[in-house]
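J.: Just to be clear, the model below is a prediction. Sequence and coordinates:
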Amino acid sequence: MIIAALAATMTASAQLHISTPTTSLLLNAEPGERFEYMYYGAALADTDIPAVAESEKHVDAYPVYGMDTFNAYTLAATHADGSMATDMRVDKVSESTDKDGSKVTRVSLKDTLYPFYIDVCYRTWPACDVIETWTEIRHNENKAVTLTEFPSAYLPVRRGNVWLSHIDGAWGNEGHLTHEPLTPGIKTIRNIDGARNSQNAHSEIMLSLDGKPQERTGRTIGAVLCYSGNYDISINTDASAWHRLTAGIDAHNSAYRLAKGETFLTPAVALTYSERGTSGVSRNIHRWGRDHRLQHADRERPVLLNSWEGIYFDVNEPVVNKMMTDIADMGGELFVLDDGWFGTKYPRNGDKWGLGDWEIDRAKLPNGITDLLKSAEEKGLKFGIWIEPEMANLYSELYEKHPDWIIQAPGRDPVFGRGGTQLILDLGNPAVQEHVFKVFDRLMTEYPAIGYIKWDANMPIKNHGSHYQKADAQSRLYIDYHHGFEKVCKRIREKYPDVMVQACASGGGRANWGILPYFDEFWVSDNTDPLQRIYMQWGTSYFFPAITQAAHISASPCHATHRATPIKYRVDVAMSGRLGIELQPSQMTEAERTFCKDAIATYKAVRPTIQMGDQYRLHSPYDGDGVAALMYVDEPRDHAVFFWYKTEDFHNHHYPRVTMDGLDPDKKYKITELNRIDKTPLSCEGKVYTGAWLMANGLELPYRHIVDTPMMSDYSSRVLRIDAINN
Ligand code: DGJ
């Protein structure tokens with residue numbers, strides 16, 4: 001791949017060409033003039049640049065509120081003298097190289113009347129065709145300036161048959177994918193949870209420029225807001241020639257008083273463009289995330305057993321020890337002790353008690369964690385533990401000591417969350433930041449052998465009020481919460497660079513690229529039903545690679561949906577992400593246990609391809625054809641793993657045959673079925689095909705398993721290993 005030496009080029013006429021190998025962003029940044037946008041899409045040839053610049057419409061690249069902004073604006077501010085009008089002109093353009101080697105182009109804008117400044121910044125990541133953009137706002141006015149709107153990014157998209165893809169959902173139904181055409185009016189995707197931001201909606205979108213989104217074809221733009229808090233992503237389809245995209249922190253109830261000399265930094269939005277459909281955009285984002293944001297992206301994730309669905313709050317030493325023995329026997333590499341292990345005055349026997357009191361409950365674990373750690377080590381396992389450090393319960397010693405640490409409307413009663421007693425701490429308060437850091441730090445200092453922390457967050461910010469903030473700064477609550485959260489995460493990572501940390505928030509409430517620089521993965525959902533997981537993991541994969549998606553084999557019937565499914569189906573679905581187990585192994589049948597043991601060994605063999613490879617989504621479950629299929633291909637295109645799931649069962653129905661993608665057309669590949677249960681092998685078993693054949697025709701897959709009658713079911717799934725051979 002040719003990597004452009006310069007991220008941005010500036011022509012004599014002030015055209016600013018910010019580019020990656022296959023994409024171009026063309027702007028006009030003439031000093032003293034308005035900052036203008038001309039084009040974003042496929043890479044421009046040198047010849048095209050002047051022609052495009054002259055012939056395409058010029059629109060504001062970062063319009064502001066107050067002067068000539070009847071149809072579009074991004075930033076809005078009330079200046080020190082009370083004026084609500086802002087009017088920016090280009091001051092200068094500069095380029096720098098960051099410590100990580102990335103090139104940053106900074107377009108500095110200055111107000112025509114006030115000492116008020118906005119830098120619109122662009123960072124290019126050539127190898128994944130991503131351009132990150134954000135703003136930095138500051139002023140030298142004689143009093144504070146109040147920012148009332150402050151998106152990170154603005155992108156005009158030429159009006160047409162443009163479709164929006166986004167992820168919505170709910171608890172137990174995270175990652176649900178929606179595609180819809182953009183029609184006149186403003187479409188807004190907004191999160192107001194306060195603490196978590198991906199349960200009901202996601203801060204990432206795609207725009208398909210050629211009509212209904214296709215997985216493999218079509219010009220598609222991806223935009224990813226890297227933030228852990230409330231957001232607003234809006235697309236305004238007005239009377240003009242544009243769909244106007246703005247993305248950033250949700251400013252409602254969050255007016256930000258910016259002091260003289262202070263800089264307000266908005267979170268980055270990563271933009272990418274692909275002509276290979278939604279799947280193409282996902283691959284760019286996955287690669288960008290793995291290469292530049294995800295914690296420990298170069299480390300394979302261990303196969304784990306998490307205790308929650310197995311024992312819930314019923315933690316006790318012999319049971320935990322037995323679970324560790326069982327997962328070790330099955331070839332697992334990590335045991336995670338979930339909720340229920342702590343609290344002395346208020347033991348955590350349910351969700352009403354103990355949050356905040358992170359001492360071991362000696363009634364449940366008389367020998368503490370030290371013994372569990374020893375026992376894990378003897379079994380060759382790493383040990384992990386659950387915390388929810390941002391929270392307290394009404395029934396906790398923490399709340400008794402620090403009632404002023406909770407978020408609470410002034411003069412009013414607290415509003416409770418989970419269990420009717422949960423409270424959320426005000427992370428904007430430095431004392432709370434210290435406490436949250438210390439929860440992590442104390443555990444890791446006392447038990448340095450802990451290898452994994454599951455960090456949960458089961459409550460939104462339900463009422464508005466900070467005991468810490470002054471009366472005129474109450475509107476900083478949401479933003480300061482997340483600045484505080486990030487500060488704590490940074491501090492933890494400086495001191496504990498090695499420990500793995502999972503982001504969990506009532507299931508999938510914290511799947512976002514704002515936190516993943518500090519976390520290794522996230523829990524996709526508390527719903528572990530494999531059929532619904534196919535849809536959830538599919539939607540989630542629009543913006544997050546397999547390595548980030550914790551996917552666990554659970555009991556049948558599933559505790560969330562009560563649907564019964566065969567072990568193979570449960571295993572095959574979990575294997576397409578970061579494989580784990582979430583059940584009580586002592587309740588497994590011998591056959592299930594043997595199947596899981598073999599599957600774990602198999603997963604370990606193909607894990608590098610699944611966790612580090614490129615993902616090709618082949619056939620969407622959302623298409624309603626009764627089939628879903630995807631595959632992972634490693635970078636040299638020597639190894640691939642193909643997953644096929646039947647999502648609806650109709651007798652003697654002709655399910656679509658799925659063609660493959662991402663292989664080298666000229667290489668020869670041998671097919672091996674993994675996790676096989678059929679009495680007879682597939683007709684393609686052991687056969688060798690060219691990549692060209694597999695990508696043009698795929699393979700014939702029977703829609704039922706050939707098994708003895710008691711094992712017959714309406715579920716069916718296939719996992720194929722595809723390996724290049726030398727001759
Ligand atoms: C919610 C999480 O999503 C679950 O996995 C589990 O950790 C529980 N919290 C524990 O209370």
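T.: Okay, I see it. Numbering: from 1, shown residues only.

J.: Over in the stretch 351-500 of the chain, which residue gets nearest the ligand? Let me know.
T.: Closest residue of the stretch 351-500 of the chain to the ligand, Cβ to the nearest ligand atom: Asp456 (5.0 Å). C-beta: built from backbone N, CA, C; applies to glycine.

J.: and the closest residue to the ligand within the chain, how far is that from Gly417?
T.: At 3.5 Å from the ligand, Asp339 is the closest residue in the chain, using Cβ to the nearest ligand atom. Using Cβ to Cβ, to the nearest Å, we find Asp339 at a distance of 15 Å from Gly417.

J.: can you pull the contacts of Ser203?
T.: Residues counted as contacts of Ser203 (Cβ atoms under 8 Å, 6 or more residues apart in numbering) are Ile189, Asn191, Asn197, Val224, Leu225, Tyr227, Tyr231, Ile233, Ala247, Asn512, Gly514.

J.: Which helix or strand contains it?
T.: Taking DSSP states H and E as the criterion, Ser203 maps to strand 201-208.

J.: Quickly run through the sheet partners of that strand, with directions.
T.: strand 163-168 (antiparallel), strand 220-225 (antiparallel) (DSSP bridges).

J.: Need the winner for burial among these.
T.: Highest mean neighbour count among the strands paired with strand 201-208 (mean count of other Cβ atoms under 10 Å): strand 220-225, with a mean of 26.

J.: Following element in sequence after it, please.
T.: In N-to-C order, the element after strand 220-225 by DSSP H and E is strand 231-237.

J.: Identify all contacting residues around that following strand.
T.: For strand 231-237, the surrounding residues in contact (Cβ under 8 Å, 6+ apart) are 72, 151, 157, 159, 164, 166, 182-191, 197, 203, 205, 207, 223, 225, 243-252.

J.: Same question for stretch 39-47.
T.: Stretch 39-47 is contacted from outside by 17, 19-26, 52, 56, 155, 157, 219, 221, 271, 273, 275, using Cβ under 8 Å, 6+ apart.

J.: what mean pLDDT does that stretch have?
T.: Averaging pLDDT along stretch 39-47 yields 97.

J.: what do you get for stretch 184-193?
T.: Per-residue pLDDT over stretch 184-193 has a mean of 97.

J.: now it: how far from the chain's centre is it?
T.: 19 Å (Cα atoms, centre = their mean, to the nearest Å).

J.: C-alpha coordinates for that stretch, CSV please?
T.: Output of stretch 184-193 as CSV, limited to C-alpha atoms (Å, rounded to 0.1, in the frame of the first residue of the first chain):
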residue,chain,number,x,y,z
PRO,A,184,-36.7,16.1,4.5
GLY,A,185,-36.3,17.2,8.1
ILE,A,186,-33.8,16.6,10.8
LYS,A,187,-33.0,13.1,11.9
THR,A,188,-31.4,13.1,15.3
ILE,A,189,-29.7,10.2,17.1
ARG,A,190,-29.3,11.3,20.7
ASN,A,191,-28.2,9.8,24.0
ILE,A,192,-29.2,11.3,27.3
ASP,A,193,-28.3,8.4,29.7
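
J.: rewinding a little: pretty sure the residue of the chain closest to the ligand contacts Gly350?
T.: No - judged on Cβ atoms under 8 Å, Asp339 makes no contact with Gly350 at a distance of 9.6 Å.

J.: any shared contact partners between these two?
T.: Common contact partners of Asp339 and Gly350 (Cβ under 8 Å, 6+ apart): Phe313.

J.: Looking only at neighbour counts, state which of the two leads.
T.: More neighbours surround Asp339 than the other of Asp339 and Gly350, with 22 against 13 (other Cβ atoms under 10 Å).

J.: before we move on, the earlier item: buried ones among the contacts of stretch 39-47?
T.: 17, 19-20, 22-26, 52, 155, 157, 219, 221, 271, 273 (16 or more other Cβ atoms under 10 Å).

J.: Can you flag which of those residues belong to helices?
T.: Val52 (DSSP state H).

J.: Which of the buried ones among the contacts of stretch 39-47 fall in strands?
T.: Those of these mapping onto strands are His17, Ser19, Thr20, Thr23, Ser24, Leu25, Leu26, Leu155, Val157, Ile221, Leu271, Tyr273, per DSSP state E.

J.: and Tyr478, helix, strand or coil?
T.: Judged by DSSP: H, G, I helix; E, B strand; the rest coil, the three-state class of Tyr478 is helix.

J.: was I right about it contacting Ser228?
T.: No - contact criterion Cβ under 8 Å: Tyr478 and Ser228 do not qualify, at 10.7 Å.

J.: Comparing those two, which shows the higher neighbour count?
T.: It is Ser228, of Tyr478 and Ser228, that has more neighbours when counted by other Cβ under 10 Å, with 28 against 23.

J.: Next up, the contacts around the residue nearest to that one when sequence neighbours are not counted.
T.: In space, Ser228 comes closest to Gly514 once its chain neighbours are excluded; the distance is 4.0 Å by Cβ to Cβ, 6 or more residues apart in numbering. Contact analysis of Gly514 by Cβ under 8 Å, 6+ apart lists Ser203, Leu225, Cys226, Tyr227, Ser228, Gly229, Pro267, His482, Glu486.

J.: what's the longest helix in the chain?
T.: Across the chain, the longest stretch assigned as helix under DSSP H is helix 590-612.

J.: Can you name every helix or strand that whatever helix or strand comes next after that one contacts?
T.: Counting by DSSP H and E, the next helix or strand C-terminal to helix 590-612 is strand 614-619. Packing contacts for strand 614-619, counted by 3 or more Cβ pairs under 8 Å, 6 or more residues apart in numbering; DSSP states H and E, involve helix 277-292, strand 627-633.

J.: From what I see, Ser307 and Met323 are in contact.
T.: Yes - between Ser307 and Met323 there is a contact at 6.3 Å, judged by Cβ under 8 Å.

J.: quick one, which of the two is more surrounded?
T.: For Ser307 and Met323, the more surrounded residue by other Cβ under 10 Å is Ser307, and the numbers stand at 28 against 23.

J.: for the ligand, what are the nearby residues on the stretch 501-650 of the chain?
T.: Cys504, Ser506, Gly507, Trp523, Asp526 (Cβ under 6 Å from any ligand atom).

J.: in this protein, what spans have low per-residue confidence?
T.: 1-7, 10-13, 727 (pLDDT under 70).

J.: Let's see that with 80 instead.
T.: Residue ranges of the chain with pLDDT under 80: 1-13, 69-72, 727.
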